[in-house]
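Novice: for reference, the sequence and a predicted model appear below.
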Amino acid sequence: MKQVLRFNKVIKSIIITGDLCILNAVFITVYHMMNTTTLGITFANSLPQLSVLLNLVYLLCNYSKGVVLHRRLVRPDHIIMRAVRNTFFHAVVFISLISLADFGNLSARFFILFYSCFLITLIVYRLLFRHLLKAYRRRGGNSRTVILVGSGENMIELHHELTDDPTSGFNVVGYFADTYSTHYPDTCRYLGQPSEVVSYLEHNNIEHVYCGLTSSHSKEIVPIINYCENHLIHFYSVPNVRNYLKRRMHLELIGNVPVLYIRREPLAQPENRLIKRLFDIVFSLLFLCTVFPVIYIIIGAAIKITSPGPIFFKQKRSGEEGKDFWCYKFRSMRVNKDSDKVQATQNDPRKTRLGNFIRKTSIDELPQFINVLLGDMSVVGPRPHMLKHTEEYSKLIDKYMVRHLVKPGITGWAQVTSFRGETKELWQMEGRVERDIWYLEHWTFMLDLYIIYKTVRNAIRGEKEAY
């Protein structure tokens, strides 16, 4: 265990050192690219003081939770998200401190260029470091010896998770169980019964013990735990709930009682909600102040010319936590009484001459950026449904209401994965709901950007399902 902790500290130290080198190199480079007029006289003549503050703030924001590369099963999107989050907090703290310290008028151009270059370089560096670390582990370096105790479904699946990717660096020696199990692969040796684990640990160098025995085996489990704690061996208890909960779960403590929480979406974390909300505000403001006025004049005039009625169509939709809100769209149909009850179809007679075009290109959805700015919606999220549909489908589809744990979006994961448009059959709505739930359980900022990219690409190409 000492060796494990030592290696993790070495990795963290290397990463932090590399981060600081990049931070200072980018800062000094951008600093010298700007002239005194842009930076301001006070700021331009304070490089030593700024450098000290820059590094102290970075260590404060990143040293405790800013590095995740030493973890063996960390995904690239986690690395990127952690870099984005910590860079954002560094920017907030650093800019706030130098504002309070009165370094003169601060250049927005300087900070935008500096943090953009730093973030890109930091992400490339950390992903490259991850690649090198995985390559080192693939060759057998930094491996961890593991034994498994138990032969339930949870332990079989755990074995696959630990061994399927050789770059994770886990060396599973074998397993202990009451009897030999045919569910383990032949490469995983049967080492004996649970009562023999302590004896095995005494004579072998094992660093991790994963135990999937139930509480009825407490006589075997307690001695294993005691031995592991007294000999610096990592002990993990693996609950066997896979036979009825085949999904991602999270452990929480209520006092000293461990509780498995079956749903803990990333957007439940305040920092993730803050990042998403800030992006929504900036993105919607930029769009509403630049592109939208032009579109409004052109599309608004076309709507007025082609059919009588208002430019905007508003309808109550189901939002976050099931609360209803007014959702805005460019009107693509003639004014009718069924708008709150009947879903649009491919050859819907209610559509205007312009309606086909603006629905096909998704232009009709653009006023929803107003909803985003107001906080009723997000740029990306599950599409909001009519109140009548929410009432109906919540009774027909299991877990339908889960999609309302987050704000609805202008576009979503379901829409860019072939589940857009009319839902003629129940299975189509079930597929949409399944993808909406997947999105809220796997949310990352990079996933949002990818969905936006796919949405724009599909809109340019034109979608068959958009009507």
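Specialist: Arrived safely.
Novice: read off the pLDDT value for the nearest residue to residue 385 once chain neighbours are set aside.
Specialist: Distances taken as Cβ to Cβ, 6 or more residues apart in numbering place residue 318 nearest to residue 385, at 5.6 Å, with adjacent residues excluded. C-betas here are computed from N, CA, C, even on glycine. Here, the pLDDT recorded for residue 318 equals 94.
Novice: ok, now residue 422?
Specialist: 67.
Novice: what's the answer for residue 308, then?
Specialist: The model's pLDDT for residue 308 equals 85.
Novice: so which strand or helix has it?
Specialist: In the assignment (DSSP states H and E), residue 308 maps to no helix and no strand.
Novice: one more: residue 120?
Specialist: Using DSSP H and E, residue 120 sits within helix 108-138.
Novice: hmm, back to that, do I have it right that the residue nearest to residue 385 meets residue 387?
Specialist: Yes. Under the criterion of Cβ atoms under 8 Å, residue 318 makes contact with residue 387 at 6.0 Å.
Novice: looking at the two, which is more packed in?
Specialist: Just comparing residue 318 and residue 387: by other Cβ atoms under 10 Å the higher neighbour count belongs to residue 318, 25 against 16.
Novice: any buried residues in the one helix or strand in the chain whose mean pLDDT sits lowest, and which?
Specialist: None of the helices or strands of the chain scores lower by mean pLDDT, DSSP states H and E than helix 36-39, at a mean of 72. Judged by neighbour count using 16 or more other Cβ atoms under 10 Å, the buried positions of helix 36-39 are residue 39.
Novice: in the sheet, who's paired with the residue nearest to residue 385?
Specialist: Here residue 318 sits in beta bridges with residue 324, going by DSSP bridges.
Novice: and for residue 314?
Specialist: residue 328.
Novice: pretty sure it sits against residue 327.
Specialist: Yes. Counting by Cβ under 8 Å, residue 327 is a contact partner of residue 314 at 6.7 Å.
Novice: who's more crowded, these two?
Specialist: A direct count of neighbours by other Cβ under 10 Å for residue 314 and residue 327 places residue 327 higher, at 24 against 15.
Novice: against residue 406, how distant is residue 373?
Specialist: Residue 373 sits at a distance of 17 Å from residue 406 (criterion: Cβ to Cβ, to the nearest Å).
Novice: compare those two and say which is more crowded by neighbours.
Specialist: Counting neighbours by other Cβ under 10 Å for residue 373 and for residue 406 shows that residue 406 has the greater number, 25 against 16.
Novice: the more buried one against residue 441, yeah?
Specialist: No. Counting by Cβ under 8 Å, residue 406 stays clear of residue 441, with 10.2 Å between them.
Novice: quick check: neighbours shared by these two?
Specialist: residue 265 (Cβ atoms under 8 Å, 6 or more residues apart in numbering).
Novice: count of residues packed around the residue nearest to residue 321 when sequence neighbours are not counted?
Specialist: For residue 321, ignoring the flanking residues on the chain, the nearest one in space by Cβ to Cβ, 6+ apart is residue 404 at 6.0 Å. For residue 404, the neighbour count with other Cβ under 10 Å is 21.
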